[in-house]
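Trainee: Task: produce atomic coordinates for the following.
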Amino acid sequence: MKYHQIDRQLFIKNRAKFMGQMKPKSVAVFNSNDIYPVSADSTLPFAQHRDIFYLSGVDQEESILLLFPDAPYEHQREILFLKETNDHIAVWEGEKLTKDRAFEVSGIKTVYWLQEFEKVLFELMTHSETIYINTNEHYRATVETETREARFVKWWKEKYPAHAVAKSNPILQRIRSVKESEELDLIQQACNITEKGFRRILSFVKPNVMEYEIEAEFIHEFISNRSKGFAYTPIIGSGNNANVLHYIENNQQCKAGDLILLDVGAEYANYSSDMTRTIPVSGKFSDRQKDVYNAVLNVKNEATKMLVPGTMWKQYHAEVGKIMTSELLGLGLIDKADVQNENPDWPAYKKYFMHGTSHHMGLDTHDYGILTDPMQANMVFTVEPGIYIPAEGFGIRLEDDVVIQETGAPFNLMRNIPIEVEEIESLMNS
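Mentor: As a prediction, the model looks like this:
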């Protein structure tokens, strides 16, 4: 891996939190992701399943983590199963984790090779009553490919039909949403790399540059700073492309006078960052562009203040809608009659700001978190309002990542990334 090794104490703490919420006499199993085929002998780059990484730090395919806090013997309470490495694998694929190295990474003392999994599991199941299966229950999840976890669940149900079933996901949704200090440091590192990329492109963008050329500048800077690359598919939307919320073609020329919406974030050690900035192709905003930009910035700043412990996600978005309504009235995009006659299920402001303002962020860009629970200290949220005006040929979104504090305003992990109109213009013209 490109990133520096993470202190294993993080994973030891994470496992303790999870096991502290397991039912008596229960086993939990977590699988790595598959390496997904493309065609012939081609594959996609491996991306580790975030749950096994969160609990072990193991960033390798064909790995299994088993947790059994009530096991008869201490050495059976945390077990890793790994693909056995050998000289042939070392030559063709690169060295895999040895048992000693796995302990250094994870803090787990008991490590077996993968071929021993079924035998060890059988022994432990005779002492257990419940098994935790790891299903994907994220509110945005759409899973069309059978995963390694799904195949395990099928196999397990057939092999051990008499055991009770519990779900690991509700526990993970809550514990993963509240970050440890080590995790905040890793997310900050991802944000710092994103900052380097953004500062790089501010001096690079000129009229007639291609959107994909800007994307290339970002990826160069990210990989140069120990990132694997983008935390998610980047959006480089110039002109009216910015009004397509998930525009990812990035294949158009950026024209003088237009704006470019950049929704880009680096990953670091599997942790995400998520930034949006909107900049002028020619290095200077028009008066109208500046007015809309500052309206979006004001909504972002006011929304950020509301991200404090106890805030409810649904009510927060309703309050942000009121602030956005005021800004749109000031810009002349809606009028009082629009507000008075609005549909409560789709308020007037939604014509120009149709998405949510914030989501959890961490190991996943849209990270785990239960939206009906109140916000807590050390949760990380994005703040990303936007105004999209196809009739005027531009859209503006601004986004930072912030950490909720015990008291006071949240801490902005992107506080050093330029966002004010004057600073952006100055850097683009220096």
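Trainee: ok, now how distant is residue 422 from residue 396?
Mentor: Distance, residue 422 to residue 396, using CB to CB, to the nearest Å: 16 Å. (Glycine included, C-beta is placed from N, CA and C.)
Trainee: could you pull out the helices for the protein?
Mentor: Residue ranges of the helices in the chain, as given by DSSP state H, are 9-19, 50-56, 87-92, 99-106, 117-125, 148-159, 169-177, 181-202, 211-224, 287-305, 313-331, 336-340, 421-428.
Trainee: Have a look at residue 422 and residue 396 and say which one is more surrounded.
Mentor: Just comparing residue 422 and residue 396: by other CB atoms under 10 Å the higher neighbour count belongs to residue 396, 23 against 10.
Trainee: show me the contacts for the more buried one.
Mentor: The contact partners of residue 396, taken as CB atoms under 8 Å, 6 or more residues apart in numbering, are 242, 259, 261, 278, 289, 292, 293, 296, 386, 387, 388.
Trainee: can you tell which of the helices of the chain is closest to residue 249?
Mentor: Among those, helix 211-224 comes nearest to residue 249, with 7.8 Å by CB to CB.
Trainee: What is that closest one packed up against?
Mentor: helix 181-202, strand 235-238, strand 259-264 (3 or more CB pairs under 8 Å, 6 or more residues apart in numbering; DSSP states H and E).
Trainee: Please compute how far it lies from its chain's middle.
Mentor: Relative to its chain's centre, helix 211-224 lies at 19 Å (CA atoms, centre = their mean, to the nearest Å).
Trainee: Now it: buried residues?
Mentor: By neighbour count on 16 or more other CB atoms under 10 Å, the buried set for helix 211-224 is 211, 213, 214, 215, 217, 218, 219, 221, 222.
Trainee: which one among the residues you listed gets closest to residue 272?
Mentor: Comparing the buried residues of helix 211-224 against residue 272 with CB to CB places residue 222 closest, at 12.2 Å.
Trainee: so who does that closest one touch?
Mentor: Contacts of residue 222 (CB under 8 Å, 6+ apart): 193, 194, 197, 229, 230, 266.
Trainee: and what of residue 226?
Mentor: Contacts of residue 226 (CB under 8 Å, 6+ apart): 2, 3, 4, 193, 268.
Trainee: mind running it again at 10 Å?
Mentor: 1, 2, 3, 4, 189, 193, 266, 268, 269 (CB atoms under 10 Å, 6 or more residues apart in numbering).
Trainee: Identify the residue nearest the first one in space, chain neighbours excluded?
Mentor: So the one you mean is residue 1. residue 59 (5.6 Å; CB to CB, 6 or more residues apart in numbering).
Trainee: Pull the number of nearby residues for the one you found.
Mentor: Count around residue 59 with other CB under 10 Å applied: 19.
Trainee: if I look at it, how far off is residue 269?
Mentor: Relative to residue 269, and taking CB to CB, residue 59 is found at 8 Å.
Trainee: quick one: common contacting residues for the two?
Mentor: Joint contacts of residue 59 and residue 269 (CB under 10 Å, 6+ apart) are 1, 3, 6, 53.
Trainee: mind listing what the residue lying closest to residue 120 once chain neighbours are set aside touches?
Mentor: What sits nearest to residue 120 in space, not counting adjacent residues and going by CB to CB, 6+ apart, is residue 112, at 6.2 Å. Residues near residue 112 by CB under 10 Å, 6+ apart: 64, 66, 79, 80, 81, 82, 84, 99, 119, 120.
Trainee: When you compare pLDDT across these, which one is lowest?
Mentor: Among the contacts of residue 112, residue 84 has the lowest pLDDT, at 88.
Trainee: Do I have it right that it meets residue 113?
Mentor: Yes: with contact defined as CB atoms under 10 Å, residue 84 counts as touching residue 113 (4.1 Å).
Trainee: Looking at these two, which has the bigger crowd around it?
Mentor: residue 84 (15 against 12).
Trainee: For the residue most central in space within the chain, which residues are in contact?
Mentor: Centroid-nearest residue in the chain: residue 365, 1.5 Å away (criterion: CA atoms, centre = their mean). Shown in contact with residue 365 (CB under 10 Å, 6+ apart): 230-233, 265, 267, 271-274, 359, 382, 401.
Trainee: how about a cut-off of 6 Å?
Mentor: Residue 365 sits next to 231, 232, 272, 274 when contact means CB atoms under 6 Å, 6 or more residues apart in numbering.
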